[in-house]
Every structure is written in structure tokens, then in C-alpha cells.
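In: quick one, fold the following:
(chains A, B, C and D)
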Number of protein chains: 2
Amino acid sequence: MSGSERMIAPNLRKAHERCADCGIRTRAVCSYCGPQDLQLLDAIKFYKTYDPGQEIVAAGERTDFLGSVVEGVVSLCKTMPDGRRQMVGLMFPSDFVGRPMRPIAPYDAVAVTPVKLCLFHRSRFERLLKDTPSLEKRLLEMTLDELDAARDWMLLLGRKTAREKIATFLAILTRRAAGLDNTRPHDGLRFELPLTREQMADYLGLTIETVSRQITGLKKDGVVEFADARSCHVPDFVALLDAAGEDADGGMIG
Amino acid sequence: MSGSERMIAPNLRKAHERCADCGIRTRAVCSYCGPQDLQLLDAIKFYKTYDPGQEIVAAGERTDFLGSVVEGVVSLCKTMPDGRRQMVGLMFPSDFVGRPMRPIAPYDAVAVTPVKLCLFHRSRFERLLKDTPSLEKRLLEMTLDELDAARDWMLLLGRKTAREKIATFLAILTRRAAGLDNTRPHDGLRFELPLTREQMADYLGLTIETVSRQITGLKKDGVVEFADARSCHVPDFVALLDAAGEDADGGMIG
DNA sequence: GCTTCTCATTGACGCAGATCAAGTGTCCGC
DNA sequence: GCGGACACTTGATCTGCGTCAATGAGAAGC
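Out: Next up is the predicted model:
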């Protein structure tokens, strides 16, 4: 990110970006890989970009690739026969997209923002997974984390009020923003909402109107401030956590 | 299940039940283990039983063991500071309970029925996991399945009506019952509800009264029949799927 | 037999959030 | 500048489910 000339022989061919320079290197599925393993991954990886709104995989279809989000945000979304929709995951850089050992996708994956993926062909990746403990271990770890997050979301969907849902979502984004620039979520944090009101509604199990109204409510109560519809400012993170219906302890356990 | 005298030397000491005779052997976390790996597991495993209602692990507490459900049903449940509860998982025989690589449990685990667990000390299990690809592979597979199930549940909690929630839950139990005796879920299936109305409410994100009313509604419409409050009979599985708001295709993809 | 406890059902009522319907603000192409 | 598309907000009304309260039904203890 900061103009980086690494101390590595600079004369290697650069058929594509090198893993060593990758922004998600330390958190992605490859983060436990040593130089040799990384070389194997490097040899089979390829990049692909998507425009906002573009479908990455469709529910029910076979997908022959999987990989990591390098840049942007990807939504995972389920749709019922009559059109009701529920977003079941929101994938940020370093998150892994695609279901190993099951080629039929159980949900749509759609680019929310401009997206760049680092992809592997399914068969090659699964073969590699078998022989590469570092890869498998990290994938297990990430899957367990996803499962924890999914269960947190079940509590939100099943038991939280609309206001709490919005506040929880904003708190998560706040924490993310704070984590990314290595500050703790304290007073005076800013970030951009990656989702439209409609996408938030799909994520939170609400309607677009309720999302709008609850955001207005939180604004009126001074819990959050918005310069425009997308840029959010949190003057008091504890107040936001409180509105989210969470124990306002130190937070930051996960 | 059917009076099984296996063709294995019957003179081994039986300090405890042998894995080879275990009822969940083919589906549990150990199912990919060969004889050697199994021996290692066998050496460190121990059994523990719980009465209905008994707490297995408490949210926020450190747990030093994890393992498989051998018999019975275990609920995983989150509770908010003000007492609202959401069940986030229901574990049946062969399911894995406990979170590897994270000793603090994020939810309560409670025995719903009389439960028998096959347990391992956390540190030993994690050490074994590291050196036993067959174990790790199966655990990854099971975790991915749990994640799929959790996401299905997110759709249920976020978007389904009370009636659909009940019907979906009954359909899952029906499928389970059908799977266990190797018949397909067709007409005329029977099973026992493992949960009280209150536990169902916690699982489905409803109140106990709504659960009761919706079951009454499904009964009135002839979708299900109950001999008593717990024993359910499904005369027409397709009708049940329809009430669940699901595509009434062949089903049975998962 | 009677009491008590737990679990389940049913009814009356109220409210959070969905639905229906305008209306505002901004951007874009012309 | 103007029309249209899109995202968002706001208001009025409706309704599914929660809440409160009473009742029933079975099991356990005495």
C-alpha cells in the first residue's frame, strides 16, 4: 500500500502480481503457506475483476473456481421461489469465496463494489488442499470463523429489533474500519457504507423503508451522523454498541 | 444396529467401548480415520453422559474438551443481556460439539434429551488434528456443512413466516427420520419431536404461543397430525415442503 | 382423592415492522 | 435547462406476531 520496493531480487518475471506483494497475504487462505506452498499457489492462481452488481456465481449452478476476495465487497444471497431474499454473508478482502468439495453453489455471489478475486480452478485447488496442510489448516480456521459469524447473525435475525439490527451492522463496519487502520473503535470514527439501503435490508431481514427509518432514528438520537447517505460518522462507539443491544464491555474479543 | 458380531478378534481388552463398534463411526469426525489413526483417538477418548436440561458448556467459559454426540440431542443457544434467546444449532448423533482453536465458547451447549458424548481433551485433540489429515479433512467437511446449514437457517429466520418456519423445521425432522431408517421422505412418516414448544420457539425465532398456534394451524389444514404434543405424523411430505415455502422438487440434494 | 408443577393451547389486544404511496435529491445524457 | 433513472426518505395504513392472561392436560408427590 505504501510505495513498497521489497528487498527481493526484482528481476523475476512478473507474469502476474506476486503473492509476496499481495495486500491480503497475511490474512487470506494462503497466509500459513511457506515459500514452497506459495509457489504452487502462485502457479495456478489467476485474477478476475467484476463490476458492481455483476454476478460472480449463480445459486444452483456449477462453479469451477474458488478463491479469495482481494479488493471490494461480495455479497452471498439466497432467494426463495417467490422472490424473498436474504443475504447470508458479506465477504471482504481476504475472505474466501466458494465451497470446496461441493461444486453446486447454494446461493448467489454478487459483486457489491468493484471486485478483484484471486481464483483457483476447483479441481486444482482441491488437489492442492489435500497435500498442503498449511492451506487446509487455514481454510478450516476461516470456515470456523465464518460459522461463528453466521451464528451471531442468526441471533440478530431471530431476536433483534430493527433498530438493534441497524446498530449492530454499523458497529461491525465501525470495528472493521477501526481495525483496518489499526486504531481501536473509539470516538469519532468514519467509514463508507458499502451497501445500498436495499442491500442492507436484504442483509438484516428488513425492508428498505424500515432501514431508512431506523437510520433516521439513530441520527435523531445522535448515535450516528451522516454527511450523505453513505458516509457514516460514529461519535460514540459505546453508545452505538448499546443501541445494538450488546454488552458494551471492552468489545473486541473476536 | 442389527445384532452385530463383527469379524474382528473378540479378545481385545474393552477398557471402554471400541470405536469399531461405534454407532456414529461412519459419519462422525473420525469417519475417515484408518485403523492407526483410530487407535490414537481411541487411546484418548472418554465418554460422558448428561441428563435433559443439563448444561454441557456455558457461554463465555473456557472448555477443555470437545467431541462427538453419540446419543441424544444437544442445543447450542445464545442469550442476550436482557434474556432474549436464540438457538443457533441443534446437534444430533455424529455431529461435532466444541470449537477447535478457540477455548472460549460463544454459546451455551445444553443437553435436550439424555446425551452421550465421546470427548477428547482440547489440547490432545488439537495436537492430533495437526498430525492427522484424515481427521482434519473430515472436520473441515463437517464445518462446511454446518456453515451451509447455518446459512439456510438465516434465510428461515430473516424471511420466512411463522407457519413456514414451523413447516421447515418439521420437514427437516421428517427428512432426518426418513434418512435414519433409509427410506425416502414419502407419505406416512412418523417421528418424535425432540424439543418442547419453548425450545422450538428459541430455535425458530418465535414465541411459544406462536409455535403452538401455527402447529394447530398446520393440523387444521391436514399438513401434519399429532397423536400427542410430541409425536408427529406427516401424511404428505410434498404438502409439508409446500407449507415450508420450499421448492417441492425432488428435495434431498444436501 | 387433591395439590402442584410443567407443558401446551387458546383468546383478546397492541405494536413493530411490512405495505402502499408520494415525494425529495442527485446524477447523467441530451 | 430538462427528463428520466436511481437511491433514499417520509407518511398513512395494515397485519403478523408478540404480549398478557386464562385454561387445559398430563405427571409426580402426598
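In: going forward, measure contacts between C-alpha atoms and count neighbours the same way
Out: Fine.
In: from what I can see residue A:70 touches residue A:26, true?
Out: No - if you go by C-alpha atoms under 8 Å, residue A:70 and residue A:26 don't touch, sitting 11.8 Å apart.
In: so for those two, which sits in the more crowded spot?
Out: Using other C-alpha atoms under 10 Å in any protein chain shown as the criterion, residue A:70 and residue A:26 rank with residue A:70 on top: 24 against 13.
In: I'd like the next helix or strand past the helix or strand hosting the more buried one.
Out: Assigned by DSSP states H and E, residue A:70 belongs to strand A:65-71. Remark: after strand A:65-71, the chain's next helix or strand is strand A:74-79, criterion DSSP H and E.
In: that following strand near DNA strand C anywhere?
Out: No - legend: contact between strand A:74-79 and DNA strand C by C-alpha under 7 Å from any atom of the strand is lacking; minimum distance shown is 14.5 Å.
In: ok, and what's touching that strand?
Out: Contacts of strand A:74-79 from elsewhere in the structure, counted by C-alpha atoms under 8 Å, 6 or more residues apart in numbering or on different chains, are A:59, A:85-92, A:106-113, A:115, B:155.
In: how close does residue A:175 get to residue B:168?
Out: Relative to residue B:168, residue A:175 is positioned 35 Å away (C-alpha to C-alpha, to the nearest Å).
In: who's more crowded, the two?
Out: residue B:168 (23 against 20).
In: what's the nearest residue to that one if we skip its chain neighbours?
Out: Excluding its sequence neighbours, the residue lying closest to residue B:168 (C-alpha to C-alpha, 6 or more residues apart in numbering or on different chains) is residue B:244, at 4.7 Å.
In: and what of residue A:147?
Out: residue B:147 (5.3 Å).
In: per-residue confidence for that neighbour?
Out: On pLDDT, residue B:147 comes in at 98.
In: number of residues surrounding it?
Out: 21.
In: now for it: which residues touch it?
Out: Residues in contact with residue B:147 (C-alpha under 8 Å, 6+ apart) are A:143, A:146-147, A:150.
In: swap the cut-off to 10 Å and go again
Out: A:143-151, B:141, B:153 (C-alpha atoms under 10 Å, 6 or more residues apart in numbering or on different chains).
In: write out the residues of the stretch 151-254 of chain A neighbouring DNA strand D.
Out: Residues of the stretch 151-254 of chain A lying close to DNA strand D by C-alpha under 7 Å from any atom of the strand are A:195-198, A:208-213, A:215-216, A:229-230.
In: let's see that with 6 Å instead.
Out: A:196-198, A:208-209, A:212-213, A:216, A:229 (C-alpha under 6 Å from any atom of the strand).
In: among those, which ones are buried?
Out: Neighbour counting with 16 or more other C-alpha atoms under 10 Å in any protein chain shown marks A:197, A:212 as buried within these.
In: reformat the residues of the stretch 151-254 of chain A next to DNA strand D as CSV; add distance to chain B and secondary structure.
Out: As requested, these are arranged in CSV below (distance: C-alpha to the nearest C-alpha, whole Å; DSSP: H, G, I helix; E, B strand; the rest coil):
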residue, distance to chain B, secondary structure
A:196, 18, coil
A:197, 16, helix
A:198, 14, helix
A:208, 14, helix
A:209, 16, helix
A:212, 18, helix
A:213, 19, helix
A:216, 22, helix
A:229, 24, coil
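In: coming back round to it: nearest to DNA strand D, of the contacts of residue B:147?
Out: Closest to DNA strand D out of the contacts of residue B:147 is residue B:153 (15.1 Å), distances taken as C-alpha to the nearest atom of the strand.
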